[in-house]
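S.K.: Task: produce atomic coordinates for the following.
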Amino acid sequence: MALHHLWILLLCLQTCLEAAGSDTDIFVVNGILGELVTFPLNIQQSEKVISISWNSKTSVAFVTPGNSGAAPTISITHQNYHKRINVSGQNYNLELRNLRLEDSGIYKADINVMTSEMINTTTKCYNLQVYRRLGKPKITQSLMTSVNRTCNVTLTCSVEKEEKNVTYSWSPLGEEGNVLRVFQTPDNQELTYTCTAWNPVSNNSDSISAQQLCAGSYLKIFSKNPDAASEKTIYTYVTVPRDTQTAELRIYDEIPQSKMGKTNMQDSKPPGTSSYEIVI
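M.R.: Residues are numbered from 1 along each chain as shown. All right, here's what the predicted structure looks like:
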């Protein structure tokens, strides 16, 4: 059965391509999952339509004009399209509602029109692509390092479900793609990075502030007015290893320059402990 459907699709595509080689193009029609799409035939009211036959992977519908100006008569020729098809009475445009992903594919309309007491057949072809409306994308960050007061972060933007034909862009940098590498400094903390995901029928965005990226990764600068005992107070960070434990980050208190180098910590240290001397 699947092979049979494949042959129908290939035959339909071949017919459309042959028609495209003469006087017909293949029109791309984008539809949204669960919503309605229109295949535009744009038949003029002056044209006397005899019938319109719609085919895709399977037969779809057979349309004939209504009596005395009534709405066209629609015969659904496959159960997949039951209660989902409507035809405009003015221009015979075909409407397909409650779109499914499997509705995507080539559609062909053979239009039979009476002209000068003879029937002319025109073929129109459509390539229907069905997409989901994109939900809000998610920005994740990884590989954060902090060197020389520069925070290096990799941002990745993604949508919840794997979608086809999704593109990504970043503002305010104007970068394309779903990955953005940011080199953040304390001077540009007011920036906000926004990722926008796009597909042919929708777009959606998510943002992250620069302050969120590197929170806690910068060393803080401490400043204080010098006291009477010293013209300059020096603050420093010293990493002190303790046995096999992870190194701690300690902030030593104020040390006046006049006393630097005069204190001998070796004399007062308890037995079995390590000593550290700060030399300026």
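S.K.: Quick one: mean pLDDT over stretch 149-156.
M.R.: Averaging pLDDT along stretch 149-156 gives 86.
S.K.: Could you do stretch 202-213 as well?
M.R.: pLDDT averaged over stretch 202-213 gives 90.
S.K.: what's that stretch in contact with?
M.R.: 32, 131, 133-139, 141, 144, 151, 153, 155, 157, 159, 182, 184, 188-197 (Cβ atoms under 8 Å, 6 or more residues apart in numbering). Every C-beta, even on glycine, is put in place using the N, C-alpha and C of the backbone.
S.K.: biggest strand in this structure by residues?
M.R.: In the chain, with assignment by DSSP state E, the single longest strand is strand 118-131.
S.K.: Quick check: neighbours of the helix or strand that comes right after that one in the sheet, parallel or antiparallel?
M.R.: Counting by DSSP states H and E, the element after strand 118-131 in chain order, helix or strand, is strand 138-147. Taking DSSP bridges as the criterion, strand 138-147 forms sheet pairs with strand 150-158 (antiparallel).
S.K.: State the number of residues packed around the closest residue to residue 178 other than its chain neighbours.
M.R.: In space, and not counting its chain neighbours, residue 178 is closest to residue 168: 4.2 Å by Cβ to Cβ, 6 or more residues apart in numbering. The tally of other residues near residue 168 (other Cβ atoms under 10 Å) stands at 19.
S.K.: Show me what residue 168 is bridged to.
M.R.: residue 197.
S.K.: which residues does it contact?
M.R.: Contacts of residue 168 were listed using Cβ under 8 Å, 6+ apart, and they are 137, 157, 176, 177, 178, 195, 196, 197, 198.
S.K.: now those: which count as buried?
M.R.: 137, 157, 178, 195, 196, 197 (16 or more other Cβ atoms under 10 Å).
S.K.: Distance of the nearest residue to residue 72 once chain neighbours are set aside relative to residue 177?
M.R.: In this structure, residue 72 finds its nearest non-sequential neighbour in residue 87, 4.8 Å apart by Cβ to Cβ, 6+ apart. Distance, residue 87 to residue 177, by Cβ to Cβ, to the nearest Å: 43 Å.
S.K.: and what of residue 35?
M.R.: 29 Å.
S.K.: so where is the protein shaky, pLDDT-wise?
M.R.: Scanning the chain for pLDDT under 70 picks out 1-24, 215-280.
S.K.: tell me the domain boundaries of the protein?
M.R.: Using automatic domain parsing, the domains assigned to the chain come out as 2-131, 138-213, 220-280.
S.K.: Report the separation between the two terminal residues of the second one.
M.R.: The distance separating the two terminal residues of domain 138-213, taken as Cα to Cα, to the nearest Å, comes to 14 Å.
S.K.: Quick check: beta-bridge partners of residue 59?
M.R.: Beta-bridge partners, per DSSP bridges, of residue 59: residue 55.
S.K.: What strand or helix carries the closest residue to residue 122 other than its chain neighbours?
M.R.: Of all residues not flanking residue 122 in the chain, residue 111 sits nearest, at 4.7 Å (Cβ to Cβ, 6+ apart). Secondary structure assigned from DSSP H and E places residue 111 in strand 105-115.
S.K.: From the contact counts, what lies against that strand?
M.R.: Counting by 3 or more Cβ pairs under 8 Å, 6 or more residues apart in numbering; DSSP states H and E, the packing neighbours recorded for strand 105-115 are helix 2-22, strand 48-55, strand 118-131.
S.K.: wait, isn't residue 43 in contact with residue 49?
M.R.: Yes: proximity of residue 43 to residue 49 meets the contact threshold set by Cβ atoms under 8 Å, at 6.2 Å.
S.K.: which neighbours do these two share?
M.R.: Shared contacts of residue 43 and residue 49, defined by Cβ under 8 Å, 6+ apart, are found at 92, 111, 113.
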